[in-house]
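Trainee: need a structure here:
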Amino acid sequence: MKRNLMMVGVVLASALASQAALADAGLDLAKAKNCMACHAVANKVVGPAYKDVAAKYAGQKDAEAKLVTKVMKGGSGTWGAIPMPANPQVNEAEAKTLVKWVLSQK
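Mentor: Modelled structure (predicted):
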């Protein structure tokens, strides 16, 4: 019993550390790749707030793949008339990190 509780504690601590690392990496990457020029976490700037993106795509199984493509290639029509430009400075691994972070916003 004691060993099981210790294992649960280790797993929870690992999950929390992982989540914190994603939060730091995602925000740092969003700043470095100039995403924050058009987006903010909590409010609309030119593009939608990241928390609104997370809410819109919550529960959609294909959300991550769909958004990775949008980050890299751009898109239009989902959030209004202003298109999101392509981001050639963002590679696929970076786009996945950014999207996971965006989808984790509450």
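Trainee: Residue 72 and residue 89 touch, don't they?
Mentor: No: the pair residue 72 / residue 89 is not scored as a contact, 9.8 Å apart, by Cβ atoms under 8 Å. The C-beta positions use only the backbone N, C-alpha and C, and glycine is treated the same way.
Trainee: Looking at these two, which one has more neighbours?
Mentor: residue 72 (19 against 10; other Cβ atoms under 10 Å).
Trainee: residue contacts, residue 29?
Mentor: For residue 29, the contact set (Cβ atoms under 8 Å, 6 or more residues apart in numbering) comprises 35, 94, 97, 98, 101.
Trainee: Looks to me like the fourth one is in a helix.
Mentor: Yes: the assignment for residue 98 (DSSP: H, G, I helix; E, B strand; the rest coil) places it in a helix.
Trainee: got a pLDDT number for it?
Mentor: In this model, residue 98 is scored at 97, pLDDT.
Trainee: Please state the mean pLDDT value computed over stretch 34-54.
Mentor: When pLDDT is averaged over stretch 34-54, the result is 97.
Trainee: which residues sit against it?
Mentor: 27, 29-30, 56, 67, 79, 82, 84, 87, 89, 98, 101-106.
Trainee: Separate out the buried members of those residues.
Mentor: Taking 16 or more other Cβ atoms under 10 Å as the criterion, what is buried in those is 27, 29, 30, 67, 79, 84, 87, 98, 101, 102, 103, 105.
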